[in-house]
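Engineer: Return atomic coordinates for the entry below.
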Amino acid sequence: MLECRNLVCVRGDRLLFRGLSLSLGPGELLRVVGPNGVGKTSLLRLVAGIARPEAGEVRWRGELIGRGEIFRRELLYLGHAAAVSEQLTALENLRFACTVSGEAADEEACVAALTRFGLGDALDLPLGVLSQGQRRRVRLARLFLAAARPLWVLDEPFTALDTEAVKLLAEQVSAHCAAGGMVMYTTHQDVELARASRLLNPGDFVGRERAC
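Structural biologist: Numbering: from 1, shown residues only. Below you'll find the predicted structure:
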């Protein structure tokens, strides 16, 4: 169970939100919505432990996320930035991403994940020659290797993907929740998922007031 209690987020001299609380349990989808600048990415970064709130707390399985290794082992966070190397091949990028995150994904598993995402013919190509959509697929292929991580936090995962890739990714997200996983995500696209998403707009929690 993920719990956020009375979060306060300030960026520069601007208060994005305060008093924001949420919970997420097995099988649930939570879509963070709102216009640009309202604090969607900021909220995801707080939940993932990448940034710290001005006040409030984030708990995973009842424990503060800053304590111990359990949360880091059970979280998969994919930010909006590509976070890949143009010099490495698609396969090398995926294997490296798995290694640094502590996932035991061998070459065969990585090849299968990339192939499933339509990159079977690009395994050995450097990312510098691939399209933006293909680069995104390399990054998102980790989702096919992360079933053991119950909490997925995804920032704009459907951006720059074609219709077929969006459908495949939506199926993977839905399957993760059907298996008892949890997904918190943002998207500006209308994506059909097998499960209904709860909606949360950070702008409903104070909005664009000046920080005191």
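Engineer: Please name the residues that touch the residue lying closest to Glu54 once chain neighbours are set aside.
Structural biologist: Spatial nearest neighbour of Glu54, excluding adjacent residues (C-beta to C-beta, 6 or more residues apart in numbering): Val8 at 4.2 Å. C-beta coordinates here come from the backbone N, C-alpha and C atoms, glycine included. Counting by C-beta atoms under 8 Å, 6 or more residues apart in numbering, Val8 touches Leu15, Phe17, Arg18, Gly19, Leu20, Pro53, Glu54, Ala55, Gly56.
Engineer: does the residue nearest to the third one when sequence neighbours are not counted count as helix, strand or coil?
Structural biologist: With C-beta to C-beta, 6+ apart as the measure, Val8 is the residue that lies nearest to Arg18, at 4.3 Å, once sequence neighbours are left out. Secondary structure assignment for Val8 (DSSP: H, G, I helix; E, B strand; the rest coil): strand.
Engineer: Kindly provide the distance from Val8 to Ser21.
Structural biologist: 11 Å (C-beta to C-beta, to the nearest Å).
Engineer: Give me the common contacts of those two.
Structural biologist: The contact sets of Val8 and Ser21 overlap at Gly56 (C-beta under 8 Å, 6+ apart).
Engineer: Would you mind giving both backbone torsions of Ala97?
Structural biologist: phi -60, psi -40 (degrees, to the nearest 10).
Engineer: again with Lys167
Structural biologist: phi -60, psi -40.
Engineer: Could you tell me the per-residue confidence at it?
Structural biologist: pLDDT for Lys167: 94.
Engineer: Run a quick neighbour tally on it.
Structural biologist: Using other C-beta atoms under 10 Å as the criterion, Lys167 is surrounded by 13 other residues.
Engineer: what's the answer for Leu29, then?
Structural biologist: Count around Leu29 with other C-beta under 10 Å applied: 22.
Engineer: Now it: closest residue in space that isn't a chain neighbour?
Structural biologist: Ser197 is the one closest to Leu29 (C-beta to C-beta, 6+ apart), at 4.2 Å.
Engineer: surely that neighbour meets Arg31?
Structural biologist: Yes: applying C-beta atoms under 8 Å as the test, Ser197 and Arg31 come out as touching, 4.1 Å apart.
Engineer: element containing Leu140, please.
Structural biologist: helix 132-140 (DSSP states H and E).
Engineer: Now do that helix: everything it contacts.
Structural biologist: For helix 132-140, using C-beta under 8 Å, 6+ apart, the contacting residues are 78, 82-84, 90, 93-94, 97, 114, 117-119, 122, 127, 130, 157, 159-162, 165, 169.
Engineer: can you pull the buried residues of the strand or helix carrying Glu57?
Structural biologist: Taking DSSP H and E as the definition, one finds Glu57 inside strand 55-60. Neighbour-count burial for strand 55-60, counted by 16 or more other C-beta atoms under 10 Å, picks out Gly56, Val58, Arg59, Trp60.
Engineer: Can you name the element that comes right after it?
Structural biologist: Next element after strand 55-60 (DSSP H and E): strand 63-64.
Engineer: Let me see the mean pLDDT of the helix or strand just after that following strand.
Structural biologist: Reading on from strand 63-64 to the C-terminus, the next helix or strand found by DSSP H and E is helix 70-74. Mean pLDDT, computed over helix 70-74, is 91.
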